[in-house]
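Colleague: Got a sequence here, can you model it:
(chains A and B)
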Amino acid sequence: MANTLNISLSEQQKSWLQARREAGGFASASDVVRDLIRRRQEQEQTELVERFRQLEGDGSDEDEPAAAVLKIVKRVKKERRA
Amino acid sequence: MPKLRAVLDSSVVVSGIGWRGGEARAVLKLLAASGFESWRTPWITAEWTDTVQRVAETERRWRNPNWTNWLEWLKAVSRFADDIAVKKTVKRDAKDDPVIMAAVAVRAAFIVTYDSDMLDLRKPHGVSCVTPRAFLSAILRQQ
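Modeller: Numbering: from 1, shown residues only, chains lettered A, B, ... in the order given. Modelled structure (predicted):
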């Protein structure tokens, strides 16, 4: 389902979008924006996978004190819902 | 096939960040591998932060001083929905909880949680409340 979003652009940004549409053979400005978003999402995904690899070794390798942790979590939840 | 949508309850976020050998960490690992979509709202994000901070400060067996970077990663990797849209979607009743409301609003199939109160609800408003283990099994079945 397509969603419509009105975006304000400067004259320079609009002309860049039009140039990109013409040069890239896109049917519309919306196609250009969708392509930009897709590329950015792919780039972000790659970066996030790398960040996860860097974080992966963090944390305790002991058994989790599940009951103690859940007790704290429930207390925080109760406070937030009060 | 579209990816399964899930909302991670703070109980799972705390466990996944704090302890690297458990099933909650396996859920975060699956998220890093794009195995499902995690969704969050401002309310849920604030609760993740509050709970992780509290456990980090008070639980002597906590061993992850890097938890703020973990939360930043989780925020970045999760899809975002506004709280306002959530409030419009579900009428509040005794069983309604901001986490359940968010899950309904983003059409999530699962809430992944260790919280027995939520697990007891089983399937509020059509959203399955499951443990990390059950969630991982459901993803494996789908693949």
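Colleague: and the most far-flung residue of chain B relative to its centre, which of the three is it?
Modeller: Relative to the mean C-alpha coordinate of chain B, counting by C-alpha atoms, centre = their mean, the farthest residue is B:R60 (23.7 Å). Classification of B:R60 by DSSP: H, G, I helix; E, B strand; the rest coil places it in coil.
Colleague: For stretch A:32-40, buried residues please.
Modeller: Of the residues in stretch A:32-40, those buried under the neighbour-count criterion (16 or more other C-beta atoms under 10 Å in any protein chain shown) are A:V32, A:V33. Placement of C-beta: from N, CA and C, glycine included.
Colleague: average model confidence for that stretch?
Modeller: Confidence for stretch A:32-40, expressed as mean pLDDT, is 96.
Colleague: touching chain B at all, it?
Modeller: No - contact check for stretch A:32-40 against chain B, using C-beta under 8 Å from any C-beta of the partner chain: none in range, with a minimum separation of 12.6 Å.
Colleague: in the chain, which spans are helices?
Modeller: All of this refers to chain A. A:11-24, A:29-55, A:66-81 (DSSP state H).
Colleague: Let me rephrase: I mean chain B.
Modeller: Secondary structure of chain B (DSSP H): helices at B:10-18, B:23-32, B:42-58, B:67-77, B:83-89, B:98-105, B:116-121, B:132-142.
Colleague: Tell me where chain B is predicted with low confidence.
Modeller: Of all residues in chain B, those with pLDDT under 70 make up the ranges B:84-96.
Colleague: In space, what's closest to residue 44 - neighbours in sequence excluded?
Modeller: In the absence of a named chain, this looks at chain A. Residue nearest to A:E44 in three dimensions, not counting chain neighbours: B:A76, with 7.3 Å by C-beta to C-beta, 6 or more residues apart in numbering or on different chains.
Colleague: not quite, I wanted chain B
Modeller: Here the nearest residue to B:I44 in space, its sequence neighbours aside, is B:A102; by C-beta to C-beta, 6+ apart that works out to 5.7 Å.
Colleague: hey, which of the helices of chain A is tucked in deepest?
Modeller: Ranked by mean neighbour count, these are led by helix A:66-81 with a mean of 16 (mean count of other C-beta atoms under 10 Å in any protein chain shown).
Colleague: and that helix, what other elements does it pack with?
Modeller: Judged by 3 or more C-beta pairs under 8 Å, 6 or more residues apart in numbering or on different chains; DSSP states H and E, the packing partners of helix A:66-81 are helix B:10-18, helix B:42-58.
Colleague: With only the CA atoms kept, save the last one in PDB.
Modeller: Listed in PDB are the C-alpha atoms of helix B:42-58, where the atom choice follows Å, rounded to 0.1, in the frame of the first residue of the first chain:
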ATOM      1  CA  PRO B  42       8.800   6.100  22.100                       C
ATOM      2  CA  TRP B  43       7.100   4.600  25.200                       C
ATOM      3  CA  ILE B  44       8.600   1.200  24.600                       C
ATOM      4  CA  THR B  45      12.000   2.700  23.900                       C
ATOM      5  CA  ALA B  46      11.800   4.600  27.200                       C
ATOM      6  CA  GLU B  47      10.900   1.400  29.100                       C
ATOM      7  CA  TRP B  48      13.800  -0.500  27.500                       C
ATOM      8  CA  THR B  49      16.200   2.300  28.700                       C
ATOM      9  CA  ASP B  50      14.700   2.500  32.200                       C
ATOM     10  CA  THR B  51      14.800  -1.200  32.800                       C
ATOM     11  CA  VAL B  52      18.300  -1.800  31.400                       C
ATOM     12  CA  GLN B  53      19.600   1.100  33.400                       C
ATOM     13  CA  ARG B  54      18.000  -0.100  36.600                       C
ATOM     14  CA  VAL B  55      19.300  -3.700  36.200                       C
ATOM     15  CA  ALA B  56      22.700  -2.400  35.300                       C
ATOM     16  CA  GLU B  57      22.800  -0.200  38.400                       C
ATOM     17  CA  THR B  58      21.300  -2.700  40.900                       C
END
